[in-house]
Each structure stands twice: as structure tokens, then as C-alpha cells.
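Student: sequence first, then the predicted structure, then my questions.
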Amino acid sequence: MAMSPAVHPAERAAQLRSRLHEASHRYHVLDDPEIPDVEYDAMLRELDALEAEHPELADPDSPTRRVGAPPSGRFEPAEHAIPMLSLGNAFSAAEVEEFVARIAKETGEADPVFSVEPKFDGLAISLRYEHGRFVLGATRGDGAAGENVTANLRTIRSIPLQLRGTQPPAVLEVRGEVYMPRKGFEEYNARALANGDKPLANPRNGAAGSLRQLDPNVTARRPLAFYAYALGEVSAEVALPLTHSQTLAWLRGLGFPVSLLVDTARGSCGLLAYFTRIGEQRDTLPYDIDGVVYKLDRYDQQRTLGHVSRAPRWAIAHKFPAQEVATTVEAIEVNVGRTGAVTPWVRMTPVQVGGVTVSRATLHNADQIARLDVRVGDSVIIRRAGDVIPEVVQVIDSRRPRGADGQPLHPSYRLPERCPDCASAIEHIDGEVVARCTGGLVCPAQRKQALIHFASRRAMDIEGLGERIVDALVDHGFVHGIADLYRLSVDDFVAMKQRADPAVGELPESEMAGKIATKWAENLVTAIAASRDTTLGRLLFALGIRDVGEATAKALARHFGALTPLLDADEATLQQVPDVGPVVAARIAHFFAEPHNREAIAALHAAGVHWPEGAPASADAGPLTGKTVVLTGGLASLTRDAAKDRLEALGAKVGSSVSKKTALVIAGTDAGSKLAKAGALGIEIWDEARLLAYLAQHA
């Protein structure tokens, strides 16, 4: 298939790309290949050689670009223009019937029509196309923002790099699932074992791990595929179909793979019949599914029903029965969490559940232990549904070890009266099923968890301060409270390392200096120092107040503006904050009423931790209200998250991609395509110095 001398290189490249795109579409989307693999490979090699010989022909959408790109080093956040909602779950026919009955009542339609589809067991992603070209791909993340994995998604052959048709939408966001086909998973693991490499645990983990590789070339070697199932943002000029099922057919026409098992069904009887049909095919499908999804088909009815919290009211996932296996209890232990919650666990003979080897399972609380009467030596049934922590659901009484007299060999288990980590009393609070250690920050277990949470990315963002280092710092007496982190030196970390690993102490002092006092210690001290400059919202979240998540912490910071009025607020005042109810208000007030918590905050302030304060204000009334700001490149003076927090506090919406709606681009070092696009669109551009001056002006 060598190029004819009479054919211009640009013309030949266009021919090859067109034929390769069509062949890929027929193979991956239509499942109807028209050329053998050897012919496809020959054309791909010819195109690759042609592009190498004529660099001016380079095209980011070329089929040759699917093989990967240089490692990115880290993933940037990607904000979703429309949140990626999760789904509520149904586990029984009765729950499905209740779901349909509610929708029938609210729509006035006796037997509403639903679009029905398999629930793929992979990783949800969003694909953004601008004028028909794939420009951004992101994971679901927390629903509001995910990880920018565009380079890795480009390696998946079933994802179109350019939409089919002559008039693509200005903006089209398509959502779907990246998964690993069973055959590809098995073949990959066979090669891994033959090469002495670590095999993948299961197809779902394989898909998620492959998509988060820093090197897209690694992703390109993984057998990944994609199915589309929904829309996100779509530009206003597009006349969308009136139903979800019609939209899926429209997406198929644009070049997206859509499951052939997608169908429509009417009423609860139709939904349950579909559930049964797909369940019977489950084991023979070429990919893993863990249920089916029902979506009200008509968009006008979807809009009427709306959504609650993070889930639409017009859709639900009907899960298949959880996978269950039997194993043996070797020991019963308790774990003390960050809030003092005492959770009992069973340590058991390792067993495979859903493709994952597990050796521990939760018993939740004392009530669960009493209900099941779990004892050491028992044979138990454990359940693992999806990513849920394995749990003990049943004791097989007939297998319980018994003595000659027929009595159980082991007594019933009771929670300890004293904390295994600090010997403080374990209390049972009226109205709560969870027992709690009363030791607070004097409890090493709580102290460790509190420190890990304090250092986490969404809290104080101390890079490198992970669980193992926190364990060593606490175990060897270097840290007793959160403020102690800011008194640590490189020498402290060296000494900690020496105590944690006695063998290190046997090295000659000069060699030890070279092996222990290494860059990692200096990096940790630098990261801890950098975290001193924070925001009130981050600080409140980092303190680990029970039931105060990131969103509530930001709401408190916006409402009060400063720490002192928050410290002095009573429960009634706290309930004036959006989304803070009586229970959370009581917990916040109780936290700040405790002297040791106030002492910890004072110690942080004395250690140099600081945050901007001002009068109570809403982000909706800031100087950047209504403006979309995009950050690109590296900032030397503050982290990207810190910059985002400061901008949001001034009312800005911080976006992940540059468009005509972007009001401002802040460009740091090594800014790339976003800076170039901003310049082409005439968007205002600031450097880091101007950003810092602006933030100082509005501090």
C-alpha cells in the first residue's frame, strides 16, 4: 500500500486518515469490521511513516496519535459545566414498583416509558467536543469536578476524536463509561503473569487504574473500551431529540458506541422483565455489569421531576444481588476512627469476592455483633457490592465449632470497655448505635487519623505527609497535636526515620547523612511551611469537626467571614448558615466549646498558620461575581487549590477550559494551549504577580 508518486503527501495522508477512521468506526462502534487487522495495521504504519517524513502534516486527531503522549506528571482538575450526578439504587422488585408508582403519580401517566440500559462496571467519564473535535475528557470525581485525563482517553479507539457529520455542534459533552472487556482483561493478565508482572485485580479496577496512568503510553497498552449513555452540556443551537432513547440513537450516528442492549420499557412490569432478561445474559456478556439503569424517557418529564441532592428523581439503578461467599473468622478486632467511632471488624481467611481478595470485613457496630452473634472460629457469609466495604451478613450456625457437650467453643464477643489504643473509656451515647472512645486527641488512633485528615489535599494540602509518616511521627513521640507539625525540622524527620528503622542507625554517620537526610525530608518541611498560608474554609474542614465536610466548612467561612464570631456562635446562630441543621449546629458548638480544641486552634495560630478574614460576605456578591476564570501553568507563590479558593471567595467561577465565555485567564509558568487559545480569543490574561496584587487588594 505504498504511496503512488503521483499522489501528493497531504492528499495521501487525508485518504489514509479517512479510511482508518471509517475502519475504526465499523470495528469499535458498529461491531462490523470490513477490513482485516493486517490491512488496518499496514495503513496505520504507512500513515505514521508519512507524518514522520512530513511533520507539517501533523494532526492531533490523526489515528496515529492514539498510541499515547509523553507523561503529564500530574492531572489537572476539570470542572463539569453540568454536575455529573450519581444514581439512587433499588435492590428489589418492590423498590422498583415504588419508584414507578411515584413517577406515575407525578407525571399523571399510568405506565410511563423508560429508556433502559445495562449498568456498566467501569469508570464514568465526560467527553467534551467543540466544533466536532474532542478537546477535553474528565473523570466524574466528586460530581462537580474530576481529573483531566484527555491524553489517556485519546488512546481508547472506541472514543471518536472527531464527530461524524458535516455540521457538528459548537459544544457537545457526552458522558459514558470506560470499561475493560473481559477478554482483554484475561489476555492482559495472561501476558502479565508470563512476563512476571503484577496482574490486574478485576476489569473495573483495571479500567480505573489504566485511565489514571501518568503516562498515556501505558494506557494505550491496556484493553479499554467506551460506551456512551448520556449528555452533559450542549450548545443552544442544537435541536435535541425529545427523548433519551432517541438521543442515544443520535449519538450513535455521531460516531459514539452505544450498547446494543439499550431498549425502552413501559411501567414496572416492563422494567422488571428487562432486569430479568439482562440478568440471564449477564454471565455471557463480553463486559462486567452490576445491574441495569432505568431513565424516564421523555426529557420534558425529566425536567418536571428534577433532582434531589446528587441524584435525579427520574432515574434509578436496579442492582443485581450482591456477591456473597463463605469464609472463617480468625479474630475480631476494633478500629478507632478520627471521630472516636469504635468499629468492630473480623479478620478472616482471605477469600475472593467479586474478583477482589479480602481478608477483613466490617461488623458496623455492637448492635450488629449482637444480632449476628459472630464468634471467633465461625463460618460466615460476607457480602461485597461494588466498592462497598465487605460486610458480614450471616453466621452459618451449623458450622460453628462446638465441644463434646455441644456448646460453642468460643464465647460471644463483646466490645471492649476500654480503648485498645489509649485505655480511655468507650462510651455508648443514647440515640446512637456507634460506640466512641472518649480519649479525643490523647488517643493515638484518633490523633493519627486527625493528622492524616488535617494534611489531606482538600484540607491543609501537605503533600507527602501520608499515613506511614504520620504513624511514625506519633509512635515515636514527635507529634502530639496538629500544631506540632509546624515545629518539625529536617533533623526531626531524620531522627524519626532512624527510630522507625533501627538498621539505619547502624550506618556510619556520614553515610547516614547521605541516606537519611535526603530530599524527601526537605520537601516535607517545605510542604508543611507552605500550608501555613490557607483559607478559613480549609482550616475549618481540616479541624475534623464531626459532620462538617468541605462544603459546610466553606459555607461557615462565607457566612461568618472570620473565626472569632464563629467561635462565639450559639446553635441558633449556626443554624442560620445554609445546610446547617440542628444536629450539625450542635456538633459545631460542642467542638468549639471544648477547651482543648480552642487550645489547638490557638497553637496553630501561634505556629504561623494564617488565613484572610473579613466581614461576613457571600461569594455571590464578590468583585468577580459572574466571571469565569481559568488557571493554567504553575504558580510559585500558592497552590492551584489555594488560588481557586481565593478566587471563589471573590465570587469567581473557576473553569477548566478556555472558551468565549471565559472572562480572565491567569497564566503561570509553562502555560500551554489554554494561554494560546486565550490570546486568540482576545481574553484578558494576568500573570502571577498581577493575581497576587489583586488578591492582596481584596484581602
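Tutor: Alright, I've got the coordinates. Numbers count the residues shown, from 1 in each chain.
Student: what's next to stretch 576-584, contact-wise?
Tutor: Applying C-beta atoms under 8 Å, 6 or more residues apart in numbering, the contact partners of stretch 576-584 are 547, 548, 551, 552, 555, 556, 559, 571, 574, 575, 588. Placement of C-beta: from N, CA and C, glycine included.
Student: show the average pLDDT along that stretch.
Tutor: Here stretch 576-584 scores 84 as its mean pLDDT.
Student: buried residues in that stretch?
Tutor: 577, 580, 584 (16 or more other C-beta atoms under 10 Å).
Student: closest to residue 194 out of those residues?
Tutor: Proximity of the buried residues of stretch 576-584 to residue 194 (C-beta to C-beta) peaks at residue 584, which lies at 54.6 Å.
Student: got the buried residues for the one helix or strand the closest one maps to?
Tutor: Counting by DSSP states H and E, the element that carries residue 584 is helix 582-593. Of all the residues in helix 582-593, those buried under the rule 16+ other C-beta under 10 Å are 584, 585, 587, 588, 589, 591, 592.
Student: again with stretch 623-641
Tutor: Those would be 624, 627, 628, 629, 630, 631, 632, 633, 635, 638, 639, 640, for stretch 623-641 by 16+ other C-beta under 10 Å.
Student: got a pLDDT number for the third one?
Tutor: Translated: residue 628. pLDDT at residue 628 comes out at 88.
Student: separation between it and residue 658?
Tutor: Noted for residue 628: a distance of 9 Å to residue 658, by C-beta to C-beta, to the nearest Å.
Student: could you do the last one as well?
Tutor: Applying C-beta to C-beta, one obtains 16 Å for the distance of residue 640 from residue 658.
Student: circling back: among the buried residues of stretch 623-641, which are in helices?
Tutor: residue 640 (DSSP state H).
Student: distance to residue 356 for the buried residues of stretch 623-641 - can I get that in CSV?
Tutor: Below are these laid out as CSV (distance: C-beta to C-beta, whole Å):
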residue, distance to residue 356
624, 46
627, 46
628, 41
629, 42
630, 39
631, 37
632, 39
633, 39
635, 39
638, 39
639, 34
640, 33
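Student: which two in the buried residues of stretch 623-641 are spaced the farthest apart?
Tutor: 627 and 639 (21.4 Å).
Student: so for stretch 194-211, what gets flagged as buried?
Tutor: 200, 202, 203, 204, 205, 206, 207, 208, 209, 210, 211.
Student: which strands and helices lie in contact with the longest helix seen in the chain?
Tutor: Among the segments of the chain that qualify as a helix by DSSP H, the longest is helix 9-28. With contacts taken as 3 or more C-beta pairs under 8 Å, 6 or more residues apart in numbering; DSSP states H and E, helix 9-28 sits against helix 37-53.
Student: who touches the next helix or strand after the helix it packs on?
Tutor: Downstream of helix 37-53, the next assigned helix or strand under DSSP H and E is strand 77-79. By C-beta under 8 Å, 6+ apart, the residues outside strand 77-79 that reach it are 126, 136, 138, 141, 144-148, 640, 654-657.
Student: please redo it, this time with the cut-off set to 7 Å
Tutor: For strand 77-79, contacts defined as C-beta atoms under 7 Å, 6 or more residues apart in numbering pick out 136, 138, 144, 145, 146, 147, 148, 654, 655, 656.
Student: please indicate which of these are buried?
Tutor: 136, 138, 145, 146, 147, 148, 654, 655, 656.
Student: next helix or strand past the helix holding residue 584?
Tutor: Per DSSP H and E, the first helix or strand lying C-terminal to helix 582-593 is helix 595-606.
Student: show me how far that following helix is from its chain's centre.
Tutor: With C-alpha atoms, centre = their mean, to the nearest Å as the basis, helix 595-606 stands 32 Å off its chain's centre.
Student: now what about it, what contacts it?
Tutor: Applying C-beta under 7 Å, 6+ apart, the set of residues contacting helix 595-606 is 440, 441, 481, 482, 483, 591, 592.
Student: again, but for stretch 191-200
Tutor: For stretch 191-200, contacts defined as C-beta under 7 Å, 6+ apart pick out 185, 188, 189, 206.
Student: now with 6 Å?
Tutor: Residues outside stretch 191-200 that contact it (C-beta atoms under 6 Å, 6 or more residues apart in numbering): 189, 206.
Student: what distance separates that stretch from the centre of its chain?
Tutor: With C-alpha atoms, centre = their mean, you get 27 Å for stretch 191-200.
Student: now do the end-to-end distance for it.
Tutor: One end of stretch 191-200 sits 11 Å from the other (C-alpha to C-alpha, to the nearest Å).
Student: stretch 526-542 too?
Tutor: With C-alpha to C-alpha, one end of stretch 526-542 sits 19 Å from the other.
Student: in the protein, which residue is closest to the centre?
Tutor: Nearest to the mean C-alpha position of the chain, counting by C-alpha atoms, centre = their mean, stands residue 141 at 3.7 Å.
Student: phi, psi for that residue please.
Tutor: The phi/psi pair for residue 141 (degrees, to the nearest 10) reads phi 60, psi -130.
Student: and it, what's its pLDDT?
Tutor: Turning to residue 141, the model gives it a pLDDT of 81.
Student: with adjacent residues omitted, what lies nearest to it?
Tutor: Leaving out its chain neighbours, the residue that sits closest to residue 141 by C-beta to C-beta, 6 or more residues apart in numbering is residue 147, at 6.2 Å.
Student: also residue 419?
Tutor: With C-beta to C-beta, 6+ apart, the residue lying closest to residue 419 is residue 437, at 4.1 Å.
Student: identify the bridge partners of the one you found.
Tutor: Here residue 437 sits in beta bridges with residue 426, going by DSSP bridges.
Student: ditto for residue 382
Tutor: residue 325, residue 392.
Student: from residue 315, how far off is residue 332?
Tutor: Here the criterion is C-beta to C-beta. By it, residue 332 lies 40 Å from residue 315.
Student: same question, residue 499
Tutor: 55 Å.
Student: next one: residue 125
Tutor: From residue 125 to residue 315 the distance is 18 Å (C-beta to C-beta).
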